[in-house]
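# based on what follows, work out the 3D shape:
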Amino acid sequence: MPVIVLEARDFTSPLFLVRTLEVFSSCTAFSLVASLEHKSSNSIFCMFTWCFFFVITLLIHIISIIQFHSLIPISWKNLTMTVALLGVLMSLSSTVVFPWIVMDHGTVSPRALAATVASGLTFVAYAAESCVLRTQAHEQRGYISSLPGFLKIIQLWGGLKMIPLMVIISNMTTGILWQFWICCVSYGTCIFISLVILVVILGDFAGRCLLPFDRFLAAFSLIGVLLYMLATVICLTKILQMGETESNPHNLSVVIMETVVSSVTLLAYTVDLAFSIKLLCDRSHI
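Numbering: from 1, shown residues only. Down below sits the predicted model:
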(Lines give C-alpha, C1' and ligand atoms only; values in the text may rest on other atoms or scores of the structure.)
Protein backbone atom coordinates (compact mmCIF):
# COMPACT_ATOMS: atom_id res chain seq x y z
CA MET A 1 0.00 0.00 0.00
CA PRO A 2 1.60 3.37 -0.97
CA VAL A 3 2.24 5.94 1.74
CA ILE A 4 0.11 9.06 1.37
CA VAL A 5 1.59 12.28 2.74
CA LEU A 6 -0.49 15.33 3.61
CA GLU A 7 -0.88 18.05 1.01
CA ALA A 8 0.82 21.42 1.48
CA ARG A 9 -2.33 23.14 2.77
CA ASP A 10 -2.71 20.49 5.49
CA PHE A 11 0.53 21.68 7.13
CA THR A 12 -1.18 24.97 7.96
CA SER A 13 -4.39 23.43 9.27
CA PRO A 14 -5.38 24.14 12.91
CA LEU A 15 -4.98 20.47 13.87
CA PHE A 16 -1.44 20.30 12.50
CA LEU A 17 -0.45 23.57 14.21
CA VAL A 18 -1.81 22.69 17.66
CA ARG A 19 -0.18 19.24 17.61
CA THR A 20 3.11 20.85 16.66
CA LEU A 21 2.73 23.23 19.61
CA GLU A 22 1.94 20.28 21.90
CA VAL A 23 5.13 18.49 20.88
CA PHE A 24 7.39 21.52 21.33
CA SER A 25 5.86 22.81 24.57
CA SER A 26 5.82 19.41 26.32
CA CYS A 27 9.40 18.75 25.18
CA THR A 28 10.45 22.15 26.55
CA ALA A 29 8.70 21.51 29.88
CA PHE A 30 10.29 18.16 30.68
CA SER A 31 13.71 19.29 29.40
CA LEU A 32 13.72 22.26 31.77
CA VAL A 33 12.50 20.24 34.76
CA ALA A 34 15.11 17.54 34.10
CA SER A 35 17.82 20.14 34.68
CA LEU A 36 16.48 21.16 38.10
CA GLU A 37 18.14 19.84 41.25
CA HIS A 38 15.10 19.20 43.43
CA LYS A 39 13.02 16.12 42.65
CA SER A 40 9.88 14.90 44.43
CA SER A 41 7.15 12.38 43.68
CA ASN A 42 4.88 15.07 42.24
CA SER A 43 7.61 16.68 40.15
CA ILE A 44 8.65 13.28 38.78
CA PHE A 45 5.01 12.57 37.92
CA CYS A 46 4.72 15.96 36.18
CA MET A 47 7.86 15.18 34.20
CA PHE A 48 6.49 11.73 33.30
CA THR A 49 3.26 13.38 32.13
CA TRP A 50 5.10 15.75 29.80
CA CYS A 51 7.36 12.97 28.49
CA PHE A 52 4.48 10.56 27.89
CA PHE A 53 2.33 13.06 26.02
CA PHE A 54 5.33 14.28 24.04
CA VAL A 55 5.96 10.72 22.79
CA ILE A 56 2.33 9.77 22.12
CA THR A 57 1.51 13.10 20.44
CA LEU A 58 4.62 12.90 18.29
CA LEU A 59 3.59 9.40 17.15
CA ILE A 60 0.04 10.58 16.37
CA HIS A 61 1.49 13.58 14.54
CA ILE A 62 3.75 11.42 12.37
CA ILE A 63 1.04 8.84 11.65
CA SER A 64 -1.37 11.63 10.66
CA ILE A 65 1.20 13.13 8.30
CA ILE A 66 1.88 9.86 6.46
CA GLN A 67 -1.82 8.85 6.65
CA PHE A 68 -0.92 5.48 8.19
CA HIS A 69 -3.75 5.32 10.74
CA SER A 70 -6.02 3.21 8.52
CA LEU A 71 -3.64 0.27 9.06
CA ILE A 72 -3.72 0.53 12.87
CA PRO A 73 -6.23 -1.90 14.44
CA ILE A 74 -7.72 0.66 16.83
CA SER A 75 -10.37 3.36 16.68
CA TRP A 76 -8.33 6.35 15.48
CA LYS A 77 -11.03 8.94 16.16
CA ASN A 78 -11.40 7.70 19.76
CA LEU A 79 -7.63 7.50 20.26
CA THR A 80 -6.94 11.06 19.15
CA MET A 81 -9.78 12.45 21.27
CA THR A 82 -8.65 10.39 24.27
CA VAL A 83 -5.11 11.77 24.03
CA ALA A 84 -6.41 15.31 23.58
CA LEU A 85 -8.82 15.24 26.54
CA LEU A 86 -6.45 13.39 28.84
CA GLY A 87 -3.71 15.79 27.76
CA VAL A 88 -5.92 18.73 28.78
CA LEU A 89 -6.50 17.34 32.27
CA MET A 90 -2.99 16.04 32.91
CA SER A 91 -1.20 19.15 31.62
CA LEU A 92 -3.57 21.38 33.61
CA SER A 93 -2.77 19.35 36.73
CA SER A 94 0.97 19.64 36.05
CA THR A 95 0.66 23.39 35.46
CA VAL A 96 -1.03 23.79 38.87
CA VAL A 97 0.96 21.24 40.88
CA PHE A 98 4.48 22.04 39.65
CA PRO A 99 4.50 25.72 40.79
CA TRP A 100 3.07 24.56 44.12
CA ILE A 101 6.05 22.19 44.51
CA VAL A 102 8.53 24.93 43.62
CA MET A 103 7.00 27.53 45.94
CA ASP A 104 6.82 24.94 48.74
CA HIS A 105 10.63 24.66 48.63
CA GLY A 106 11.13 28.41 48.53
CA THR A 107 13.19 28.58 45.35
CA VAL A 108 11.78 29.99 42.11
CA SER A 109 14.38 29.70 39.37
CA PRO A 110 13.98 31.01 35.80
CA ARG A 111 13.99 27.41 34.54
CA ALA A 112 11.11 26.44 36.84
CA LEU A 113 9.14 29.50 35.73
CA ALA A 114 9.80 28.71 32.06
CA ALA A 115 8.74 25.08 32.62
CA THR A 116 5.46 26.29 34.14
CA VAL A 117 4.83 28.55 31.14
CA ALA A 118 5.61 25.67 28.75
CA SER A 119 3.21 23.43 30.66
CA GLY A 120 0.53 26.10 30.39
CA LEU A 121 1.08 26.29 26.63
CA THR A 122 0.75 22.50 26.49
CA PHE A 123 -2.61 22.75 28.25
CA VAL A 124 -3.80 25.45 25.85
CA ALA A 125 -2.67 23.39 22.84
CA TYR A 126 -4.49 20.26 23.99
CA ALA A 127 -7.62 22.27 24.79
CA ALA A 128 -7.47 23.73 21.27
CA GLU A 129 -7.07 20.28 19.75
CA SER A 130 -10.10 19.04 21.69
CA CYS A 131 -12.15 21.92 20.30
CA VAL A 132 -10.93 21.25 16.75
CA LEU A 133 -11.79 17.56 17.02
CA ARG A 134 -15.21 18.41 18.43
CA THR A 135 -15.99 20.60 15.39
CA GLN A 136 -15.41 17.72 12.97
CA ALA A 137 -18.31 16.06 11.18
CA HIS A 138 -20.45 13.79 13.35
CA GLU A 139 -19.34 10.61 11.59
CA GLN A 140 -15.69 11.51 12.33
CA ARG A 141 -16.30 11.71 16.08
CA GLY A 142 -16.23 8.67 18.33
CA TYR A 143 -17.67 7.75 21.72
CA ILE A 144 -14.99 9.68 23.62
CA SER A 145 -16.23 12.93 22.02
CA SER A 146 -19.57 12.53 23.79
CA LEU A 147 -20.21 13.65 27.38
CA PRO A 148 -20.18 10.07 28.78
CA GLY A 149 -16.86 9.54 26.98
CA PHE A 150 -15.41 12.70 28.53
CA LEU A 151 -16.55 11.49 31.95
CA LYS A 152 -14.57 8.27 31.38
CA ILE A 153 -11.45 10.38 30.77
CA ILE A 154 -12.04 12.35 33.99
CA GLN A 155 -12.33 9.06 35.87
CA LEU A 156 -9.02 7.85 34.44
CA TRP A 157 -7.39 11.21 35.21
CA GLY A 158 -8.56 11.02 38.83
CA GLY A 159 -7.06 7.57 39.28
CA LEU A 160 -3.75 8.57 37.71
CA LYS A 161 -3.47 11.68 39.87
CA MET A 162 -3.82 9.50 42.97
CA ILE A 163 -0.61 7.58 42.20
CA PRO A 164 1.88 10.31 43.23
CA LEU A 165 -0.38 11.42 46.07
CA MET A 166 -0.41 7.88 47.51
CA VAL A 167 3.39 7.73 47.23
CA ILE A 168 3.67 10.97 49.22
CA ILE A 169 1.10 9.87 51.81
CA SER A 170 2.91 6.54 52.28
CA ASN A 171 5.97 8.51 53.43
CA MET A 172 3.99 10.55 55.93
CA THR A 173 4.15 9.46 59.56
CA THR A 174 0.59 10.54 60.30
CA GLY A 175 -2.60 8.67 59.49
CA ILE A 176 -4.01 5.22 60.12
CA LEU A 177 -2.62 2.35 58.06
CA TRP A 178 -5.94 0.69 57.25
CA GLN A 179 -7.29 3.95 55.83
CA PHE A 180 -4.30 4.22 53.52
CA TRP A 181 -4.68 0.66 52.19
CA ILE A 182 -8.44 0.96 51.65
CA CYS A 183 -7.85 4.10 49.58
CA CYS A 184 -5.07 2.41 47.61
CA VAL A 185 -7.26 -0.60 46.80
CA SER A 186 -10.17 1.67 45.82
CA TYR A 187 -8.07 3.83 43.52
CA GLY A 188 -6.22 0.85 42.04
CA THR A 189 -9.48 -0.96 41.27
CA CYS A 190 -10.95 2.12 39.57
CA ILE A 191 -7.79 2.67 37.50
CA PHE A 192 -8.01 -0.93 36.31
CA ILE A 193 -11.71 -0.50 35.46
CA SER A 194 -11.01 2.71 33.54
CA LEU A 195 -8.22 1.06 31.54
CA VAL A 196 -10.43 -1.92 30.69
CA ILE A 197 -13.20 0.40 29.45
CA LEU A 198 -10.67 2.41 27.45
CA VAL A 199 -9.26 -0.73 25.81
CA VAL A 200 -12.78 -1.88 24.89
CA ILE A 201 -13.59 1.51 23.35
CA LEU A 202 -10.32 1.96 21.47
CA GLY A 203 -10.33 -1.62 20.21
CA ASP A 204 -14.00 -1.54 19.19
CA PHE A 205 -14.62 -4.61 21.36
CA ALA A 206 -18.05 -3.49 22.56
CA GLY A 207 -19.82 -6.07 20.40
CA ARG A 208 -17.66 -8.89 21.79
CA CYS A 209 -18.47 -8.31 25.47
CA LEU A 210 -20.26 -11.12 27.31
CA LEU A 211 -22.73 -8.56 28.65
CA PRO A 212 -24.36 -5.75 26.65
CA PHE A 213 -21.95 -2.82 26.64
CA ASP A 214 -24.42 -0.39 28.27
CA ARG A 215 -24.90 -2.77 31.23
CA PHE A 216 -21.15 -3.27 31.36
CA LEU A 217 -20.64 0.48 31.71
CA ALA A 218 -23.43 0.86 34.28
CA ALA A 219 -21.95 -1.86 36.49
CA PHE A 220 -18.48 -0.34 36.37
CA SER A 221 -19.87 3.14 37.09
CA LEU A 222 -21.70 1.80 40.14
CA ILE A 223 -18.52 0.16 41.43
CA GLY A 224 -16.64 3.43 40.90
CA VAL A 225 -19.28 5.43 42.80
CA LEU A 226 -19.15 3.08 45.78
CA LEU A 227 -15.35 2.91 45.95
CA TYR A 228 -14.80 6.66 45.54
CA MET A 229 -17.56 7.41 48.02
CA LEU A 230 -15.70 5.27 50.56
CA ALA A 231 -12.37 6.92 49.71
CA THR A 232 -13.84 10.44 49.93
CA VAL A 233 -15.32 9.76 53.36
CA ILE A 234 -11.93 8.47 54.54
CA CYS A 235 -10.22 11.58 53.12
CA LEU A 236 -12.63 13.91 54.94
CA THR A 237 -12.08 11.93 58.15
CA LYS A 238 -8.31 12.30 57.77
CA ILE A 239 -8.65 16.06 57.30
CA LEU A 240 -10.63 16.34 60.55
CA GLN A 241 -8.11 14.18 62.39
CA MET A 242 -5.08 16.04 61.04
CA GLY A 243 -6.66 19.44 61.65
CA GLU A 244 -6.53 18.73 65.39
CA THR A 245 -3.12 17.04 65.64
CA GLU A 246 -1.06 17.77 62.52
CA SER A 247 1.65 20.43 62.86
CA ASN A 248 3.04 20.10 59.32
CA PRO A 249 0.89 22.15 56.88
CA HIS A 250 2.42 20.33 53.87
CA ASN A 251 0.96 16.99 55.01
CA LEU A 252 -2.46 18.56 55.45
CA SER A 253 -2.31 20.18 52.00
CA VAL A 254 -1.52 16.80 50.39
CA VAL A 255 -4.58 15.21 52.04
CA ILE A 256 -6.73 18.17 50.97
CA MET A 257 -5.51 17.70 47.39
CA GLU A 258 -6.38 14.01 47.59
CA THR A 259 -9.86 14.92 48.84
CA VAL A 260 -10.44 17.41 46.01
CA VAL A 261 -9.35 14.96 43.30
CA SER A 262 -11.39 12.17 44.91
CA SER A 263 -14.49 14.39 45.09
CA VAL A 264 -14.19 15.47 41.43
CA THR A 265 -13.76 11.86 40.32
CA LEU A 266 -16.71 10.76 42.48
CA LEU A 267 -18.84 13.42 40.79
CA ALA A 268 -17.74 12.13 37.36
CA TYR A 269 -18.68 8.55 38.30
CA THR A 270 -22.04 9.69 39.71
CA VAL A 271 -23.01 11.65 36.59
CA ASP A 272 -21.79 8.78 34.41
CA LEU A 273 -23.93 6.33 36.40
CA ALA A 274 -26.95 8.59 35.89
CA PHE A 275 -26.32 8.62 32.12
CA SER A 276 -25.96 4.82 32.08
CA ILE A 277 -29.19 4.30 34.02
CA LYS A 278 -31.03 6.70 31.73
CA LEU A 279 -29.74 4.83 28.68
CA LEU A 280 -30.84 1.49 30.11
CA CYS A 281 -34.30 2.87 30.93
CA ASP A 282 -34.69 4.35 27.44
CA ARG A 283 -33.76 1.07 25.78
CA SER A 284 -36.10 -0.91 28.03
CA HIS A 285 -39.03 1.17 26.74
CA ILE A 286 -38.22 0.59 23.09
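
# tell me how far Pro73 lies from Ser262.
Using C-beta to C-beta, to the nearest Å, we find Pro73 at a distance of 35 Å from Ser262. All C-beta atoms are positioned from the backbone trio N, CA, C, and that covers glycine.

# which one's more surrounded, the two?
Ser262 (27 against 7; other C-beta atoms under 10 Å).

# quick check: that one touching Gln155?
No. Counting by C-beta atoms under 8 Å, Gln155 is not a contact partner of Ser262; they are 11.5 Å apart.

# tell me which element Ile74 is part of?
Per DSSP states H and E: Ile74 is located in neither a helix nor a strand.

# quick thing: my sequence starts at 192, can you match it?
OK, 192 is where the count begins now, so the last one is Ile265.

# let me see the contact set for it.
Leu393, Gly394, Asp395 (C-beta atoms under 8 Å, 6 or more residues apart in numbering).

# next one, pLDDT for it please.
Confidence at Ile265, expressed as pLDDT, is 84.

# could you pull up phi and psi at it?
Ile265 has phi and psi values of phi -140, psi 170 when expressed as degrees, to the nearest 10.

# related to what we said a few turns ago, got a winner among the contacts of Ile265 for most neighbours?
Leu393 (18 neighbours).

# which residues does it contact?
Here Leu393 is in contact with Ile265, Ser266, Asn269, Leu270, Thr273 (C-beta under 8 Å, 6+ apart).

# could you single out the nearest of the contacts of Ile265 to Ala225?
Leu393 (30.3 Å; C-beta to C-beta).

# what's near enough to touch Ser204?
Contacts of Ser204 (C-beta under 8 Å, 6+ apart): none.

# so how far is Leu457 from it?
Ser204 is 39 Å from Leu457, by C-beta to C-beta.

# next one: Tyr317
Distance from Tyr317 to Leu457, by C-beta to C-beta: 24 Å.

# neighbour count for these two, which is higher?
Between Tyr317 and Leu457, counted using other C-beta under 10 Å, the more crowded position is Tyr317 (28 against 22).

# ok, back up a step: what do Ser453 and Gln346 both touch?
Contacts common to Ser453 and Gln346, judged by C-beta under 8 Å, 6+ apart, are absent.

# mind checking the longest helix of the protein?
In the chain, taking DSSP state H as the definition, the longest helix is helix 440-475.
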